[in-house]
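K.L.:
Sequence and predicted structure are below.
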Amino acid sequence: VPAGVPAEAPQALDEPRVADDAPEAPVPAPQEAPSSVAPEPAQGDAQVPDAPVAVAEPEASAPEASAPEVSVPGAAEPGPAPSPAPEQPAPVQVEAAQPAPPEAQPAPEEAPHPQPDVQPAPQPAQGPQSLMDATMQQEQEQEQEEAAVVVADGTAEPVVAHAPATGAQEPAHVPAPVAQEPHPAQPVGQFLPVDGGQVPTTPHLAPTPPEAVLVPPEAAPEPEPVAAAPAAEEAVAPVPAPREADPELVQSVDDLDTRGADEDDHGAEETADATEAPAVDPASQEALAPQEAPHDGSSAGPAEAPQPVGPAAPAYDDAERAAVLKVMRERRDIRNGFRSDPIPHEVLLRVLEAAHTAPSVGHSQPWDFVVIRSADTRRAMHELATRQRDAYAKSLPKGRAKQFKELKIEAILDTPVNIVVTADPTRGGRHTLGRHTQPQMAPYSSALAVENLWLAARAEGLGVGWVSFFDEREMVRALGLPEHLDVVAYLCVGYVDEFPDEPELMQAGWSKRRPLSWVVHEETYGRRALPGEAPHDLLAETVAQIRPLDAKALGEAWERQKRMTKPAGALGMLEIISAQLSGLSRQCPPPIPEPAAVAVFAGDHGVHAQGVTPWPQEVTAQMVANFLGGGAVCNAFATQVGAEVCVVDVGVATDLPATPGLLPRKVRAGTSDMTTGTAMTREEAKQAIEVGIETARDLVAAGNKALLTGEMGIANTTASAALISVFTGADPAEVTGRGTGINDETLARKTEVVRRALELHQPDPADPIGVLAAIGGFEHAAMVGLLLGGAS
Ligand SMILES: Cc1cc2nc3c(=O)[nH]c(=O)nc-3n(C[C@H](O)[C@H](O)[C@H](O)COP(=O)(O)O)c2cc1C
């Protein structure tokens, strides 16, 4: 993985990494996989566990299970020969056959490198292992990302087989630029010098890319209608390398903020500056104006637009507008600091009148407001909410649960008035205008009444806290509400000591505010542009925002370690990691980076047709179900460290059912066969990278402080080997591994496939997007994005 991953790993960096999910030490599968699907190797490759085996009991694989041979479509001359039948593994239950450990590395001579948890797999065939067991091991080396991004390496192939007993996992992916030999005098934990002159004098471990990173602009499929379109196809848009000296170029998630609606455009200008996206200078913008797409979204030219007659309706004057915007900005959800002071009737009346003036579908005004003051009723409601709160807490990963315990999520007993807002979906009869096609408009309308109420309450100095920890039917029964009503909101209302400046959840570190620029799209979804700005180039913008580690915090961390009562370097990688965490968080000592989230990217590969793996492509989708059901080893590790797991479908060949934890972000249903053409287009490669970037920033905005990643994609070690060969210059034979434990014949074919693809495309390592497009996978590209997004 590229990126300025500061790899200070003191290991030999010049050794090609073997793209192999070779078997790892047997790791008992953590829990039963939910799915009973049996990943079934399609082609005869020896080492695959044969019969269904309980996940919990790793079985030795049946090396020579004979099974029907699978024809390899596309494997034409001089392609792979159909695999010999004898190697065909028999059907395996998913629970049993946890896809094999992704990453065993048959690279005995790989540089040793502190690998904490990895247990060398001395013997060959390991029983079922999950794909992700290897994952975590690998990750251990990757944490050097700015956002504490960890790469769980991937394996893609489900079954472990006789893999050369290798030891441990791969050495960390260490970007070449930072490759350093360990200093002889200082074994581990030595700060590495960085060249490029952009990092201050303090020694540090993990510089962001020391050289400017070039992100070649994509050949635009069609001319950009908006001004300041990126340059010509061939041109390369240099993305300024991050420099501490250019604070304005840099934006970290912490800096992100939406602009108050009443604030001027200053913020937007800064955003525009911060991105390298084609700077738009007003003059040139004006010059280009005629080519701009109409901002009203219509295709009508000016000539067809209705001619204004007379002056437009007057806006509010400045003071009035400021007051409106102020109340919106200063409205807060309040749970703490309520007072018991009673609310005068006239005040509550004004608030309810404001609610009652809300817009509604077909003017159906579907709301009712049930005002509750009784302590008994509030106690009953409090009890119901507490039960749901406990249930939610139990559902959380440990990292989140810890945070959640500290949060107050309701003030039912602390407030003198509670208001239940309902929606009557039948009000107005069957022909209510606008509700025919979209019945949900009824509760939406009531939600607008809630917002009006909330704003009016703020203007009165009343705090409002929305409680959504109710089983709606339970509440309807407890309050004796008519059964046909939907409960839209339960609000706690009262005077407060103060209104916090920011959402309480933000103050508690539970979430971050997403900037406006992430959510405004021009004309088509994904073309993000604030009004008056050119569309953002997400990739270039992300790269430009990557900052070096904070040199001061890094230096302090290093100094602190020197003062500790231990031999220098005694804690190995931990010393490096802890210093990096200081640099990342800009504090020493650093906070524990939790909660954490694992994003597993999944995709299929056209090169599968070349017979590079015994496993059928469908296993990718089966394993996705396994991850989502909590049955993979990845889930076990995640549970152990309290991390959340999500799976991002960036290119799985089949349609995946909507499932909690699945992010449907398919670029295409599998890549094309890299031996016959490019795996994907440049545009698709970039799209997949952007999926990764967005995944990273969404997870961070949701409050995660550490990101881990991994992948799932049958046949993806073929693509990995090709990528590694291009970026390291190593011969395919050196970096093509046995994946899930393929036999010699299949390995030879796989190596040949890699070689042919490289010969066909001659990918240029200086053009990483081109390389990904030619021979990569959607999940590889998305992981690139996640790492960049995490670092930015
Ligand atoms: C539909 C909805 C349901 C909510 N439910 C709860 C809740 O059950 N408990 C809670 O503490 N806050 C709840 N909130 C408040 C949000 O957490 C809060 O609006 C958000 O953190 C932003 O903070 P702000 O409203 O102060 O800007 C809810 C808000 C909405 C809009």
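P.N.:
Good, I have the coordinates.
K.L.:
What is the strand or helix carrying residue 780 packed up against?
P.N.:
Assessed by DSSP states H and E, residue 780 sits inside helix 778-791. Secondary-structure packing of helix 778-791 (3 or more Cβ pairs under 8 Å, 6 or more residues apart in numbering; DSSP states H and E): strand 149-151, helix 538-544, strand 596-603, strand 644-651, helix 682-701, strand 706-712, helix 716-728, helix 768-775. Every C-beta, even on glycine, is put in place using the N, C-alpha and C of the backbone.
K.L.:
Those residues of the chain touching the ligand, which are they?
P.N.:
Counting by Cβ under 6 Å from any ligand atom, the chain comes close to the ligand at 332-333, 335, 409-410, 465-469, 503, 505.
K.L.:
Need phi/psi at the residue in the stretch 601-750 of the chain positioned nearest to the ligand.
P.N.:
Using Cβ to the nearest ligand atom, the single residue of the stretch 601-750 of the chain nearest to the ligand is residue 703, 11.1 Å away. With angles defined as degrees, to the nearest 10, residue 703 sits at phi 100, psi 0.
K.L.:
pretty sure it is touching residue 511, no?
P.N.:
Yes. Between residue 703 and residue 511 there is a contact under Cβ atoms under 8 Å: 4.7 Å.
K.L.:
More neighbours: the two, which one.
P.N.:
Relative neighbour count places residue 703 above the other of residue 703 and residue 511, with 19 against 14, counting by other Cβ atoms under 10 Å.
K.L.:
quick one, strands of the chain?
P.N.:
Along the chain, counting by DSSP state E, strands occupy 149-151, 213-215, 237-239, 367-372, 417-423, 462-467, 486-495, 596-603, 644-651, 662-664, 706-712.
K.L.:
how about the residues of the chain next to the ligand, which pair is most distant?
P.N.:
332 and 469 (18.8 Å; Cβ to Cβ).
K.L.:
which residues of the chain score low on pLDDT?
P.N.:
Residue ranges of the chain with pLDDT under 70: 1-303.
K.L.:
Could you rerun that using 90?
P.N.:
Residues of the chain meeting the criterion pLDDT under 90: 1-309, 399, 568, 739-741.
K.L.:
gap between residue 483 and residue 470?
P.N.:
Separation of residue 483 from residue 470 (Cβ to Cβ, to the nearest Å): 15 Å.
K.L.:
So for those two, which residue has more residues nearby?
P.N.:
residue 470 (20 against 7).
K.L.:
Next one: the closest residue to residue 348 other than its chain neighbours from the ligand, what distance?
P.N.:
Closest residue to residue 348 apart from its sequence neighbours, by Cβ to Cβ, 6 or more residues apart in numbering: residue 417 at 6.8 Å. Plainly put, residue 417 is 17 Å away from the ligand if you go by Cβ to the nearest ligand atom, to the nearest Å.
K.L.:
repeat for residue 592
P.N.:
Applying Cβ to the nearest ligand atom to residue 592 and the ligand gives a distance of 23 Å.
K.L.:
neighbours around that residue, how many?
P.N.:
13.
K.L.:
Could you tell me how far it is located from residue 357?
P.N.:
Counting by Cβ to Cβ - residue 592 and residue 357 are separated by 48 Å.
K.L.:
Could you give me the buried positions within stretch 410-418?
P.N.:
Using 16 or more other Cβ atoms under 10 Å as the test for burial, stretch 410-418 gives 410-412, 414-418.
K.L.:
if we can go back for a sec, show me which of the residues of the chain next to the ligand are buried.
P.N.:
In the residues of the chain next to the ligand, burial by neighbour count holds for 332-333, 335, 409-410, 465-467, 469, 505, counting by 16+ other Cβ under 10 Å.
K.L.:
between the residues you listed, which is nearest residue 625?
P.N.:
residue 469 (29.7 Å).
K.L.:
Show the contacting residues for that closest one.
P.N.:
If a contact means Cβ atoms under 8 Å, 6 or more residues apart in numbering, then residue 469 has 385-386, 388-389, 392, 409-410 as its contacts.
K.L.:
do that again at 10 Å, thanks
P.N.:
384-392, 409-410, 412, 490 (Cβ atoms under 10 Å, 6 or more residues apart in numbering).
K.L.:
Could you dump those into a markdown table and include distance to residue 579?
P.N.:
Formatted as a markdown table, the contacts of residue 469 follow (distance: Cβ to Cβ, whole Å):
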| residue | distance to residue 579 |
| --- | --- |
| 384 | 49 |
| 385 | 44 |
| 386 | 43 |
| 387 | 45 |
| 388 | 43 |
| 389 | 39 |
| 390 | 40 |
| 391 | 41 |
| 392 | 37 |
| 409 | 37 |
| 410 | 42 |
| 412 | 47 |
| 490 | 48 |
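K.L.:
Restricted to buried residues, select those residues in PyMOL.
P.N.:
Applying 16+ other Cβ under 10 Å to the contacts of residue 469, the buried members can be selected in PyMOL as follows:
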select buried, resi 384+385+388+389+409+410+412+490
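K.L.:
So which of the contacts of residue 469 belong to helices?
P.N.:
384-392 (DSSP state H).
K.L.:
Check those against residue 761 and report the nearest one.
P.N.:
residue 392 (49.9 Å).
K.L.:
close enough to count as contact, the closest one and residue 409?
P.N.:
Yes. With contacts counted by Cβ atoms under 10 Å, residue 392 reaches residue 409, the gap being 8.8 Å.
K.L.:
Mind putting the buried ones among the residues of the chain next to the ligand into JSON lines with distance to residue 397?
P.N.:
Below are those laid out as JSON lines (distance: Cβ to Cβ, whole Å):
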{"residue": "332", "distance to residue 397": "28"}
{"residue": "333", "distance to residue 397": "24"}
{"residue": "335", "distance to residue 397": "23"}
{"residue": "409", "distance to residue 397": "18"}
{"residue": "410", "distance to residue 397": "22"}
{"residue": "465", "distance to residue 397": "25"}
{"residue": "466", "distance to residue 397": "24"}
{"residue": "467", "distance to residue 397": "23"}
{"residue": "469", "distance to residue 397": "19"}
{"residue": "505", "distance to residue 397": "17"}
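K.L.:
re the thing from before, including distance to residue 528, could the helices and strands packed on helix 778-791 go into a markdown table?
P.N.:
Converted to a markdown table, the helices and strands packed on helix 778-791 look like this (distance: least, Cβ to Cβ, whole Å):
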| stretch | distance to residue 528 |
| --- | --- |
| strand 149-151 | 23 |
| helix 538-544 | 7 |
| strand 596-603 | 21 |
| strand 644-651 | 19 |
| helix 682-701 | 10 |
| strand 706-712 | 21 |
| helix 716-728 | 29 |
| helix 768-775 | 19 |
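K.L.:
what would the ones you listed look like in a markdown table with distance to residue 564 and mean neighbour count?
P.N.:
Shown next, in a markdown table, are the helices and strands packed on helix 778-791 (distance: least, Cβ to Cβ, whole Å; neighbours: other Cβ atoms under 10 Å):
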| stretch | distance to residue 564 | mean neighbour count |
| --- | --- | --- |
| strand 149-151 | 25 | 27 |
| helix 538-544 | 36 | 24 |
| strand 596-603 | 26 | 30 |
| strand 644-651 | 33 | 26 |
| helix 682-701 | 31 | 24 |
| strand 706-712 | 24 | 30 |
| helix 716-728 | 37 | 28 |
| helix 768-775 | 40 | 24 |
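K.L.:
Just tell me which of these ends up closest to residue 371.
P.N.:
helix 682-701 (35.8 Å).
K.L.:
CA-only coordinates of that closest one in PDB, if you can.
P.N.:
Extracted in PDB, the C-alpha atoms of helix 682-701 (Å, rounded to 0.1, in the frame of the first residue of the first chain):
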ATOM      1  CA  ARG A 682      -8.800   4.700 -14.600                       C
ATOM      2  CA  GLU A 683     -12.100   6.300 -13.600                       C
ATOM      3  CA  GLU A 684     -13.200   3.100 -11.800                       C
ATOM      4  CA  ALA A 685      -9.900   2.900 -10.000                       C
ATOM      5  CA  LYS A 686     -10.300   6.400  -8.900                       C
ATOM      6  CA  GLN A 687     -13.800   5.800  -7.900                       C
ATOM      7  CA  ALA A 688     -12.800   2.900  -5.800                       C
ATOM      8  CA  ILE A 689     -10.100   4.900  -4.100                       C
ATOM      9  CA  GLU A 690     -12.700   7.500  -3.400                       C
ATOM     10  CA  VAL A 691     -14.900   4.900  -1.800                       C
ATOM     11  CA  GLY A 692     -12.000   4.200   0.600                       C
ATOM     12  CA  ILE A 693     -11.500   7.900   1.300                       C
ATOM     13  CA  GLU A 694     -15.100   8.300   2.100                       C
ATOM     14  CA  THR A 695     -15.200   5.300   4.200                       C
ATOM     15  CA  ALA A 696     -12.300   6.600   6.200                       C
ATOM     16  CA  ARG A 697     -13.700  10.000   6.800                       C
ATOM     17  CA  ASP A 698     -17.100   8.700   7.600                       C
ATOM     18  CA  LEU A 699     -15.800   6.400  10.200                       C
ATOM     19  CA  VAL A 700     -13.700   9.100  11.700                       C
ATOM     20  CA  ALA A 701     -16.600  11.500  11.600                       C
END
